[in-house]
Every structure is written in structure tokens, then in C-alpha cells.
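Participant: can you look at this prediction? I've put the sequence above it.
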Amino acid sequence: MCGIVGYIGHREAYPIIIKGLKRLEYRGYDSAGIALYDGTDIKLSKTKGKVADLEKRLEKEISTTGTLGIGHTRWATHGVPNDVNSHPHYSNSGDLVIIHNGIIENYESLKKELIKRGYTFKSDTDTEVLVNLIEDVKKNENTKLGKAVQIALNQVVGAYAIAVFDKNKPNEIVVARLGSPLAIGIGEDEFFIASDASPFIEYTKNAIYLEDEEMAIVRRHKGIKIRKIKDDSLVAPYIQELQLNLEQIEKGGYEHFMLKEIYEQPSAILDTFRGRLLSNEAIIKMVGVEDNMKKFLNANRIIIVACGTSWHAGLVAEYIFEDLARIPVEVEYASEFRYRNPIINENDVVIAISQSGETADTLAAIKLAKSKGAFVFGVCNVVGSSIARETHAGAYTHAGPEIGVASTKAFTTQITVLTLIALRLARAKGTISSSDYRMHLLELELIPEKVKTALESDAYVKTVAAIYKDAKNFLYLGRGYNFPVALEGALKLKEISYIHAEGYPAAEMKHGPIALIDENMPIVVIATKKGHYEKVVSNIQEIKSRSGKIIGIVTVGDEQVKNLADHVIEVPETIESLTPLLTTIPLQLLSYHIALMLGKNVDQPRNLAKAVTVE
Ligand code: M6R
């Protein structure tokens, strides 16, 4: 996945593009580049590394003047991250220049054809093939750039969001989208192009999100023309008013986005249930659920599809749905589900969970489920994202932008939405008593304050982090609702500190992982009072007798685990189904502090990207 930015208008393009690329680095940050039209020619600079590296190099290399430009921050798919493979890419004549987010799957066969026709290639990328294909079409068909892009894209198999311009027609940028997001910001006599709206939020609140298989010719003075790539039909532009503000995408005094986002969880959870949970009237109101109540109530089962942290939220939801609403649930990795010919039909409800709403595997799983007649409900954070638009109905998590690559507030707000749905269905089905239902609503309302209390453990978690930061392996154990939290805790540690960590159901430990335990193995055990407390205490005893180092996540006031564990981190008491919303907090903080102490890039860990829009 990559981030793309473009500008055409009356301002200097360079500062807008550089700032925009920095905001899009969550999408990829192994190389970056920029191409500006300075009034006579294209000036291009690109480098392996981050946007800051580009910035350092660029001002020495090229003039940064010009009111038309495109920029790219890359997460490599074809070709290793190096200067040559970085975007933008020129066509052979040097007239065209392109940026691309996505994958051209048939690039090898296209490349062979182009080589036969005399084209040469500097990079290993699919993108350089695409820009030369466009040039080839433009020459052979003697057409304008827009038409050439359209004809070329009709020969392409794969996914793309592209922006391309021609130095001989420096009054337009041609953009197109299939499977990768592309937003166009509309200002006064100026246009912005980006993978999401964050690069242009301070300039305009009006944006068009291109749909799949659409392209647009963006002309500074003549406006935008949108067409369907396949059949050339014109599309009426739908201009949306953006709700995003600048403060939401900045660090607000925190050292890292991840820390900011961890601390935002009380308000993010509150925003997620605000207006949906009316505890005085004992009502849960969610339009997407109400409008499709029959589908949910008649469902034979619910299938949850997701990846990574969102998959862990799905596992928590499995417990909640089965426990409260008595609906059978299966939780599937979207990447497996999409390729294994699953048995699914119109009596199934599929819930797709995704923070970004752009995860390629989840999107493909949704399309597959829809093709088999299932009703698909989305739980997304990014408004207007591909998954939000591809699903039949859905509910947003109102977490606000999540920029740190490691998901934190997305996880807890996903659980919040899924809990609301489970409670609403349980009420409709009569599988929960009215007193139990009310009690759940009241407890959920208390969660934001309790998350605040859980965050107070931060300083102590930091001292624990200092003790174990050099460990080579970690185990995370939990049972019931907290088994997925153990998986999530291990994932957080792995992805930002690069320490090997595994999550296990606590009772599974004796079937293998127990062999790993010795005095060098830190084991994080979630042992809250509600749930399978006594059983987990027995598991802790098993660890203790093998000299493992125990970090217990316990309910405030716990004495039993305190006597056994090397360290305990307390969280407030709540009902069992809501404990994941609290026990997750110290695990996020633990991974954050360890990664920081090891000098890792917390917000942009190696090899990762915020939204994985490739298979
Ligand atoms: O945007 P999504 O929720 O669909 O993303 C799914 C995973 O890629 C994501 O949760 C990933 O595992 C995170 N880096 C975890 O912190």
C-alpha cells in the first residue's frame, strides 16, 4: 500500500505535497518521491526512506517551485525499496509522470509487449510499465492523455489509484481508481488529490471520493470530469462535506500517535456509543441494525471476517454474540475465507470488521459473501471507505483517525460497536432478561471512566517494561473473553518492538507452550476476577512452579494473584463481557514502552503499513 498526493492550482504545490505525504506515511514509508512542473519542465526527486529523507535531499536536488505536482510514499510490492523503484515514474519520452498505489497483476506480459516495441525500463515496478503503456496508447492512437489512460487501464488487471500528468499539457492531472482509495479535494481554482482527505483538510471541506472503475480529468480552470473507465459514460460528481478536522490528525502534544490514540480511548468509546445507547430508556438505537433486524434475527449464523487486530475484535464478538444473543458465530481470517470456497448462503449474516475499510482481503471476502447471497454488515472506522461502501449496511466506530500503525482505539471501539449490536439482538430475541440488559447498558456507560482509571497504570507499566525490554520471547495468556485480548497483546508487542510473542488460551499452555517456560520467559496473564478466575490462578501456579516471570493483569484489589505474580497491573472491575475493554489498555502501554525503550519506530514499525490494500 502507498500514499499518493497531487495538487493543481494557484499555490506552490511543494509544501502541500510534502505535508500531505507526511500525513499519509501511515500507508507506507519505505521510499518517497515528488514530481513538480516548474513552468517549463518536470522536476523529479525520489529516494529510499521516509518523507523526511526526501525533504532533506530534494531541496538540494531540484527547484521546488511550481503549482502542479504529484508525490508518493511507498510500501513496496514490486521491486525492493530503493531510489529507482520509488515513485513517481517517468515514461520513456519523459513527457508523462505517474504515481500509483496498488498492483498491476499482468504487468509482466504488458512489459514484454512494450519491450518488443522498443520500450526500456529502469525499475522493477509494475508502475513504470503502466506509464509506458499509457504513453504507447497515446502515441499509437494519437489521443489526449485522459483517453490514453482510459484505454490503457482497460488492458490492466489489478488494483490502482493513479495520478498522471503530461508536461506538454500542464493544466490537468488525470486520476483513476480501482480497489485503492482516491479523494479529490475541491478548492477555489485549485484541486487536491490524495489517498484520503487528510492532506488537504486545512484547504477545503469539499471532496469527491472516486468509486471503483472511475477516472477523472482534473483541470485547474475547467473543473472535473468523471467517467466510467469501462464504458466511458459520464458520472455526475457527488461532493461530500468532510467531517475531519486538523486537530484530529495531529499529535496534540503526545510523543507518538500510538500514545495519543491509547489515551483517546475513553472519548473514542464514548463517541462510539453516544446517541446509540440510551440507558435511561434502556434503548440501543443503531439504524443499520434496526433497518435489517429481520436479517439478523433470521440468520442461521453470523460469520465474522477480518484481519489482524480487527480479527481479534471479531473473536471477542464471538463470545458476546453467542453468550448474549445465542446466535452461532464463526470468525474467519478474511484472507483464508476468500480462497477456501466457503459454504455460505442467503441465511447467513456476515459482519466485516475493518478500521481502515480498505483491507484488500476483507474487501474480497465481502464480495465473495455477497455473491453467495449473504447479507453483509460492515464495522468500519474510516467514513466512506471501500468496505463501508461495499457492505449492505453497517455501523461506524467513531474512533476518529487512527494513524499509529498499531491499532489501539480501533480495537476497543470495534468491541464497543459489536457489544451494542449483540445486546440489541439479544433484547430483540429475548435471550437476555430486562434486568441483565439494563445492567449491561449501565456498565457500558461506565467504561470510558474505567478506561481512564486503567490508563493511570501507565507509570507502573513503564517500570515493568524496563525490566523485561530485553526479553527475547513473551507469552500472553487469557481465557474466555480475554483469550482474544492475549492474542492482541502479543500482536501489539510483536509489531512494534519486534520481540517474538505468542498469545494462547491459558489452559492450552499445558499442551505445548509450557515447555518454553523458564526464568527467562515473561508471561503476561490476564486474570481478572470475572470469568475463569480460579482456573487462571491454577495456570499461574503452573507457571510459577517452572520459574516463569509472571505479569498479572488483575482486578483492582486482587490479593491472590498478587501473592503469586512478579508484578500485577490493576484494572477496574466490570462485568465479564466488558473486561476486554479494560485489560487491553495495560497491554497496549506495555508494548508501547518496550518498543520505545528499544529505540523502535513506534508509529511506523518496519515492513508494516496502516492499511493493507494488497493481498
Ligand atoms: O484496517 P483493518 O482493521 O482492516 O486492518 C487489519 C489489520 O491489517 C490491522 O489490524 C493490523 O493487524 C494492525 N497493524 C494491528 O495493530
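Facilitator: Received the coordinates, thanks. Numbering: from 1, shown residues only.
Participant: the closest residue to the ligand within the chain: neighbour count?
Facilitator: Nearest residue of the chain to the ligand (Cβ to the nearest ligand atom) works out as residue 308 at 1.9 Å. C-betas here are computed from N, CA, C, even on glycine. Summarising burial for residue 308: neighbours were counted as other Cβ atoms under 10 Å, giving 24.
Participant: need the contact list for it.
Facilitator: Applying Cβ atoms under 8 Å, 6 or more residues apart in numbering to residue 308 gives the contacts 407, 491, 612.
Participant: residue 438 now?
Facilitator: 279, 282.
Participant: and it, backbone torsions?
Facilitator: Main-chain dihedrals, residue 438, degrees, to the nearest 10: phi -60, psi -40.
Participant: how much space separates it from residue 241?
Facilitator: The gap separating residue 438 from residue 241 is 38 Å, by Cβ to Cβ, to the nearest Å.
Participant: again with residue 19
Facilitator: Distance, residue 19 to residue 241, by Cβ to Cβ: 22 Å.
Participant: who has more neighbours out of those two?
Facilitator: Just comparing residue 19 and residue 241: by other Cβ under 10 Å the higher neighbour count belongs to residue 19, 17 against 8.
Participant: does that one touch residue 201 like I think?
Facilitator: No: Residue 19 is not in contact with residue 201 according to Cβ atoms under 8 Å; the separation is 10.6 Å.
Participant: distance of residue 134 relative to residue 140?
Facilitator: Distance from residue 134 to residue 140, by Cβ to Cβ: 11 Å.
Participant: more crowded one of these two?
Facilitator: When residue 134 and residue 140 are compared for neighbours, residue 134 comes out ahead with 24 against 11, by other Cβ under 10 Å.
Participant: report the contact partners of the more buried one.
Facilitator: Counting by Cβ under 8 Å, 6+ apart, residue 134 has contacts 91, 96, 98, 145, 148, 149, 152, 164.
Participant: again, only using 7 Å
Facilitator: 91, 96, 148, 149, 152, 164 (Cβ atoms under 7 Å, 6 or more residues apart in numbering).
Participant: secondary structure element for it?
Facilitator: helix 126-141 (DSSP states H and E).
Participant: average pLDDT for the helix or strand following that helix, rounded please.
Facilitator: Note on helix 126-141: by DSSP H and E, the next helix or strand toward the C-terminus is helix 145-153. Mean pLDDT, computed over helix 145-153, is 98.
Participant: same question for stretch 162-171.
Facilitator: Across stretch 162-171, pLDDT averages out at 97.
Participant: what's the spacing between it and its chain's center?
Facilitator: Distance of stretch 162-171 from the chain centroid (Cα atoms, centre = their mean, to the nearest Å) equals 31 Å.
Participant: okay, buried residues for it please.
Facilitator: Neighbour-count burial for stretch 162-171, with 16 or more other Cβ atoms under 10 Å as criterion, is recorded at 162, 163, 164, 165, 166, 167, 170.
Participant: which of those lies closest to residue 185?
Facilitator: When those are compared for distance to residue 185 (Cβ to Cβ), residue 163 wins out at 12.8 Å.
Participant: helix, strand or coil for that closest one?
Facilitator: strand (DSSP: H, G, I helix; E, B strand; the rest coil).
Participant: specify the beta-bridge partners of the residue nearest to it when sequence neighbours are not counted.
Facilitator: Leaving out its chain neighbours, the residue that sits closest to residue 163 by Cβ to Cβ, 6 or more residues apart in numbering is residue 6, at 4.4 Å. Assessed by DSSP bridges, residue 6 has beta-bridge partners residue 70, residue 193.
Participant: check which residues of the helix holding residue 134 are buried.
Facilitator: Residues 126-138 are the ones in helix 126-141 that count as buried (16+ other Cβ under 10 Å).
Participant: also stretch 402-410?
Facilitator: In stretch 402-410, counting by 16+ other Cβ under 10 Å, buried: 402, 403, 404, 405, 406, 407, 408, 409, 410.
Participant: cool, and stretch 367-380?
Facilitator: Neighbour-count burial for stretch 367-380, counted by 16+ other Cβ under 10 Å, picks out 368, 369, 370, 374, 375, 376, 377, 378, 379, 380.
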